[in-house]
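Colleague: Fold the stuff below for me.
(one chain, ligands or ions: 1)
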Amino acid sequence: MGNSLLELLSPAVKRLRASEIRELLKLVRKSKEIISFAGGIPDPKYFPKEELAEIATKVITEQGEYSLQYSETKGVPELREALADFLYRNRGFKADPENIIITSGSQQALDIVARAFICIGDKVITESPSYLAAIGAFKLAGAELVGIKIDENGMKTFILEDVLRKLKSEGFKPKFIYTIPVAQNPGGVTMSRDRKKHLLELASQYDLLVIEDDPYSYFVFDEKADITSLKALDKEDRVLYMSTISKILAPGIRLGWIVPPEELTRRLELLKQYVDLHSPTLNQYIFAEAIKTGLVDRHVKKLKNVYKVKRDAMVSAMEEYFPEYTWYSRPIGGFFVFTYIYKQGFDAKSYLTVAIEKYKVAYVPGQGFHPDGTGENSMRLSFSYPSPETIREGIKRLSQLIKEL
Ligand SMILES: Cc1ncc(COP(=O)(O)O)c(C=O)c1O
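Modeller: Purely as a prediction, here's the structure:
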């Protein structure tokens, strides 16, 4: 017998660890009495099932020759054209359909970005906290992450300025700055216009690529908020924009898109070709039709109301029950509220078991979202799935835990 086949795995894959928290939260999903603020998933009650079934039937019966066939790596032209129009209406920038790459969810977009730019040991800048799966994708590719703290106005770009200066003096040039400017996951904060401008000025000064991940801006509840996209403000074509169908229609369709700086499009397209040839053609036809028939617009309008009520339920319950030694975000959209508990010794990770077993409430401990491993006293609370009444009750239980432990 030879050695275990596991020995053949690459060092990067050997280093992958299953998250204990994920395992624990799997049990939570099966229990009816535990209120979970853990999973950041859309409320499935609102999936537009009938309309999607009609569209799927139509694109198979009427366009089956194309929709069931292999297709272009960049994506089917009908979808890229529909998306260009959708982006212009919703995000205020003109994308040439030839410059849009359809991906299999924005997770694939993150993977493509990681593979395209990161060499082992490269520095990458993210917000702190930042999206767990982006942190994972960048680390898997070998990046060393530098986290920039956030406040209610998003990434603290004055800290970014200091960090870039310091890195330069040490001889480092980061590969890119990754940001989720609107209704950030997990922070629940939105970057102010001034900070967006500052970020772009710094990117220009240090000649950096900016990755704008934008899943949540399409259903912002607060109409007055300034949610201008970085891509719309970008005069030098250095922002790579990415977004996803997952929150505006359904994550199971697994589609996302990249609008890269034009000079990068061909290289990224080639890379995707080596990864999976193309994203599912049928799903692309369904998505194109859902945009063209106005289903996406109608659905997004409905979602705004649904999630606004849930957000209000969570924030108002926190105002009522949370003690004064806590900070929490007041998101204008998205699925998440992030909270820091400033109480000596409070450790969200080690309290999770007792939260679930005794207080019957679950959350995601915040430490994993912080690239530097801080944030023991933080947690991410998702309001997307539970009903408003359940959210209220869950926040009440959580506040008991915070006060008693
Ligand atoms: C900031 C951010 N980026 C990317 C994604 C991934 O989305 P997708 O389902 O398209 O892979 C998510 C999903 O939660 C997200 O919050």
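Colleague: Which residues does the helix or strand containing Arg89 contact?
Modeller: Using DSSP states H and E, Arg89 sits within helix 77-91. Helix 77-91 is contacted by residues 74, 93-98, 100, 102, 214, 217-218, 229, 231-232, 241, 257, 259, 284-285, 287-288, 291-292, 296 when judged by Cβ atoms under 8 Å, 6 or more residues apart in numbering. Where C-beta positions appear, they are placed from N, C-alpha and C, glycine not excepted.
Colleague: Those residues, buried ones only, as a ChimeraX selection?
Modeller: Selecting only the buried entries of the contacts of helix 77-91 in ChimeraX, with 16 or more other Cβ atoms under 10 Å as the criterion:
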select :74,93,95,97,100,102,214,217,218,229,231,232,241,257,259,284,285,287,288,291,292,296
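Colleague: Flag every residue of this structure that's near the ligand.
Modeller: 40, 105-107, 131, 180, 185, 213, 215, 244, 246, 251, 256 (Cβ under 6 Å from any ligand atom).
Colleague: Could you pull out the helices in the stretch 101-250 of the chain for me?
Modeller: Along the stretch 101-250 of the chain, the segments classed as helices by DSSP state H, counting those that start in this stretch run 105-117, 132-140, 157-169, 193-205, 230-233.
Colleague: The shortest one - contacts with which helices or strands?
Modeller: What it means is helix 230-233. Helix 230-233 sits against helix 193-205, strand 209-213, strand 239-244, with contacts defined as 3 or more Cβ pairs under 8 Å, 6 or more residues apart in numbering; DSSP states H and E.
Colleague: can we see that at 10 Å?
Modeller: Applying 3 or more Cβ pairs under 10 Å, 6 or more residues apart in numbering; DSSP states H and E, we find helix 230-233 packed against helix 77-91, helix 193-205, strand 209-213, strand 239-244.
Colleague: now the second one: mean pLDDT?
Modeller: The pLDDT scores in helix 193-205 average 98.
Colleague: next one: the first one
Modeller: The predicted model gives helix 77-91 an average pLDDT of 98.
Colleague: and it, how far from the chain's centre?
Modeller: 20 Å (Cα atoms, centre = their mean, to the nearest Å).
Colleague: domain assignment for this structure?
Modeller: 5-47+298-404, 66-294 (automatic domain parsing).
Colleague: Of those domains, which stretch is the most buried?
Modeller: Comparing the domains of the chain by mean neighbour count (mean count of other Cβ atoms under 10 Å), domain 66-294 ranks first with a mean of 20.
Colleague: what's the first-to-last distance across that domain?
Modeller: 22 Å (Cα to Cα, to the nearest Å).
Colleague: quick one, strands of the protein?
Modeller: Under the criterion DSSP state E, the chain contains strands at 35-36, 101-103, 123-128, 144-151, 154-155, 176-179, 209-213, 239-244, 256-259, 326-328, 336-341, 361-362, 364-365, 378-382.
Colleague: Tabulate these (a markdown table), appending mean pLDDT.
Modeller: Below are the strands of the chain laid out as a markdown table (pLDDT from 0 to 100):
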| stretch | mean pLDDT |
| --- | --- |
| strand 35-36 | 94 |
| strand 101-103 | 98 |
| strand 123-128 | 98 |
| strand 144-151 | 97 |
| strand 154-155 | 98 |
| strand 176-179 | 98 |
| strand 209-213 | 98 |
| strand 239-244 | 98 |
| strand 256-259 | 98 |
| strand 326-328 | 97 |
| strand 336-341 | 97 |
| strand 361-362 | 96 |
| strand 364-365 | 94 |
| strand 378-382 | 97 |
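Colleague: Save those as JSON lines, and put in distance to Glu170 too.
Modeller: Listed next are these as JSON lines, based on distance: least, Cβ to Cβ, whole Å:
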{"stretch": "strand 35-36", "distance to Glu170": "43"}
{"stretch": "strand 101-103", "distance to Glu170": "34"}
{"stretch": "strand 123-128", "distance to Glu170": "10"}
{"stretch": "strand 144-151", "distance to Glu170": "11"}
{"stretch": "strand 154-155", "distance to Glu170": "21"}
{"stretch": "strand 176-179", "distance to Glu170": "17"}
{"stretch": "strand 209-213", "distance to Glu170": "20"}
{"stretch": "strand 239-244", "distance to Glu170": "26"}
{"stretch": "strand 256-259", "distance to Glu170": "31"}
{"stretch": "strand 326-328", "distance to Glu170": "32"}
{"stretch": "strand 336-341", "distance to Glu170": "30"}
{"stretch": "strand 361-362", "distance to Glu170": "41"}
{"stretch": "strand 364-365", "distance to Glu170": "32"}
{"stretch": "strand 378-382", "distance to Glu170": "29"}
